[in-house]
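>>> A structural model of the following input is requested.
(2 chains)
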Amino acid sequence: DVKVTQSSRYLVKRTGEKVFLECVQDMDHENMFWYRQDPGLGLRLIYFSYDVKMKEKGDIPEGYSVSREKKERFSLILESASTNQTSMYLCASSFEEQPQHFGDGTRLSIL
Amino acid sequence: AQSVTQLDSQVPVFEEAPVELRCNYSSSVSVYLFWYVQYPNQGLQLLLKYLSGSTLVKGINGFEAEFNKSQTSFHLRKPSVHISDTAEYFCAVGATGFQKLVFGTGTRLLVSP
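Residues are numbered from 1 along each chain as shown, chains lettered A, B, ... in the order given. Reported below is the predicted structural model:
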């Protein structure tokens, strides 16, 4: 069965901390994505990656970075967490150019 | 640039009734269109997609959608809903090539007995 696994369902961090969100997929997909989901705004793309060590900015990359050292793992990094980064974060993967399989999400609160 | 509008934030319906969730898009180029479903406390799941060809697209769980180019719409339909269809549904539009998807704000489908 297809699986995209996000390391944490809920996470609470403090302002200024460096935060790592991990995502692993077991489908050998080339393409992986990070979105944030906010009420009334739908999903917004932060970054995507189409190959190991390759990354592209999405619509809202400011304050974030990513790492793709291995094909199955795509990490999202909040360099210095701020309260406006409190959100639901969704990782996705796909063979195609659009996301197909999503993880269950990480609800991140920045205090 | 593309944009997508989901006209209803919430649609209440009784079990076994038909339902239509509306989606309109705006784009200056040829588009790909998608519907995703998000069940409570879960990530999104792809329901169906239109890339080209037949304008009537069938997806999982008995859902279908029709691409109407003249009305720039891609409405989602199901002839008879179940309680288990209660979820949030997102319409999304993308252009050809490795382009980013633009998501709508979602429609919450509430199915009651």
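
>>> going forward, measure contacts and count neighbours with C-alpha atoms only.
Fine.

>>> return the residues of chain B in contact with chain A.
For chain B, the residues in contact with chain A (CA under 8 Å from any CA of the partner chain) are B:41-46, B:90, B:97-106.

>>> which of these fall in strands?
Counted as lying in strands by DSSP state E, out of the residues of chain B next to chain A, are B:44, B:45, B:46, B:90, B:102, B:103.

>>> which single one of these is nearest to residue A:59?
residue B:102 (9.5 Å; CA to CA).

>>> got a list of what residue A:25 touches?
Applying CA atoms under 8 Å, 6 or more residues apart in numbering or on different chains to residue A:25 gives the contacts A:3, A:4, A:5, A:72, A:73, A:93.

>>> if you set the cut-off to 10 Å instead, what comes out?
A:2-6, A:32, A:71-74, A:91-94, A:101-103 (CA atoms under 10 Å, 6 or more residues apart in numbering or on different chains).

>>> confidence score at the residue nearest to it when sequence neighbours are not counted?
Leaving aside its sequence neighbours, residue A:25 sits nearest to residue A:4 (CA to CA, 6 or more residues apart in numbering or on different chains; 4.4 Å). Residue A:4 is assigned 94 on the pLDDT scale.

>>> isn't residue A:4 up against residue A:102?
Yes. Counting by CA atoms under 10 Å, residue A:4 touches residue A:102, with 6.0 Å between them.

>>> for the residue nearest the centre of chain B, which non-adjacent residue is spatially closest?
Against the mean C-alpha coordinate of chain B, by CA atoms, centre = their mean, the closest residue is residue B:35 at 3.5 Å. Spatially, and ignoring its direct neighbours in sequence, residue B:35 is nearest to residue B:91 (4.6 Å; CA to CA, 6+ apart).

>>> ok, that neighbour to residue B:59 distance?
13 Å (CA to CA, to the nearest Å).

>>> ok, these two, which is more surrounded?
Set residue B:91 next to residue B:59 and count neighbours by other CA atoms under 10 Å in any protein chain shown: residue B:91 wins out with 31 against 15.

>>> that one is in contact with residue B:6, isn't it?
Yes. The criterion here is CA under 10 Å, and residue B:91 meets it with residue B:6 at 7.1 Å.

>>> what residue lies at the spatial centre of chain A?
Geometric centre of chain A, nearest residue: residue A:34, 3.2 Å, by CA atoms, centre = their mean.

>>> for residue B:57, see how far away it is.
Taking CA to CA, one finds residue A:34 at 27 Å from residue B:57.

>>> the nearest residue in space to residue B:89 that is not next to it in sequence: neighbour count?
Using CA to CA, 6+ apart and skipping the chain neighbours, the partner closest in space to residue B:89 is residue B:37 (4.5 Å). For residue B:37, the neighbour count with other CA under 10 Å is 22.

>>> contacting residues for residue B:37?
When contacts are counted by CA under 10 Å, 6+ apart, residue B:37 is found next to B:43-48, B:85-91, B:106-108.

>>> so which of those is the closest to residue B:74?
For the contacts of residue B:37, the nearest to residue B:74 is residue B:91 (8.2 Å; CA to CA).

>>> now residue B:51: closest residue in space, sequence neighbours ignored.
residue B:32 (4.9 Å).

>>> what do you get for residue A:26?
Leaving aside its chain neighbours, residue A:26 sits nearest to residue A:3 (5.8 Å; criterion: CA to CA, 6+ apart).

>>> just checking, that neighbour touches residue A:100?
No. Counting by CA under 10 Å, residue A:3 stays clear of residue A:100, with 11.1 Å between them.

>>> right, I'll leave it there.
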